[in-house]
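**Student:** Here is my input; please provide its structure:
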Amino acid sequence: MEETNNIRENRNTDSNSNNILKDIISGKIFINKNIQKHLRYIFFLFFIAVFYIGYCYKVETTAIENKKLDRELMLLRVEYVNQLNKLSNAKKKSEIIKKLHDRHSTLKESKTPFKRIKTK
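**Tutor:** Numbering: from 1, shown residues only. Purely as a prediction, here's the structure:
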C-alpha cells in the first residue's frame with residue numbers, strides 16, 4: 001500500500017514538472033501573477049547570466065592570446081641570446097684576424113702595444 005502511494009506521488013510530481021515545463025515553453029508562465037511580481041528580478045538575473053557568459057568568453061580569449069604572446073616572447077628571447085652570442089664571438093680578436101686572413105687583406109695585427117698620449 002505504501003508503494004502505491006509513493007508511485008502516485010512520483011506520478012504527480014512528474015506530471016507537475018511536465019506542466020511547468022509546458023507552461024515555460026508556451027509562455028503561459030509569464031501570465032501568472034506571482035511570476036509578474038518577480039519579473040524584474042528574473043530579467044535582472046537573465047542580464048547577469050548573459051553578462052557573465054560574455055565576460056567568461058572575453059577572459060578565455062585573453063588567456064589564449066596571452067599564451068601565444070608568451071610563446072612568441074620566449075622565441076624572441078632565444079633568438080636575442082643567439083644573436084648576442086654570435087656578436088660577442090665576432091668581436092673577438094682571433095675571429096677578426098681569421099676574417100681578415102680569409103679575405104686576403106693586407107692588414108696585419110699590431111705587435112706593439114698602444115701608447116697613451118697625454119695633453120696638458
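**Student:** State the helix or strand in which Lys58 lies.
**Tutor:** helix 39-90 (DSSP states H and E).
**Student:** Give the next helix or strand downstream of that helix.
**Tutor:** Following helix 39-90 in sequence, per DSSP H and E, is helix 93-102.
**Student:** what about Asn19, how many residues close to it?
**Tutor:** 11 (other C-beta atoms under 10 Å). (Glycine included, C-beta is placed from N, CA and C.)
**Student:** Pull up the gap between it and Ile25, please.
**Tutor:** Computed as C-beta to C-beta, to the nearest Å, the Asn19 to Ile25 distance reads 11 Å.
**Student:** Was I right to think Asn89 contacts Ile96?
**Tutor:** No: using C-beta atoms under 8 Å, Asn89 is not in contact with Ile96, being 10.6 Å away.
**Student:** and these two? which has more neighbours close in?
**Tutor:** Ile96 (13 against 10).
**Student:** do you know how far the closest residue to the more buried one other than its chain neighbours is from Lys98?
**Tutor:** Excluding the flanking residues, the one nearest Ile96 by C-beta to C-beta, 6 or more residues apart in numbering is Ala90, at 7.8 Å. As for Ala90, its distance to Lys98 is 10 Å (criterion: C-beta to C-beta).
**Student:** Spell out which residues make up each domain of the chain.
**Tutor:** 1-37, 45-96 (automatic domain parsing).
**Student:** now those in CSV, with mean pLDDT and distance to Ser105?
**Tutor:** Below are the domains of the chain laid out as CSV (pLDDT from 0 to 100; distance: least, C-beta to C-beta, whole Å):
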stretch, mean pLDDT, distance to Ser105
domain 1-37, 69, 89
domain 45-96, 94, 10
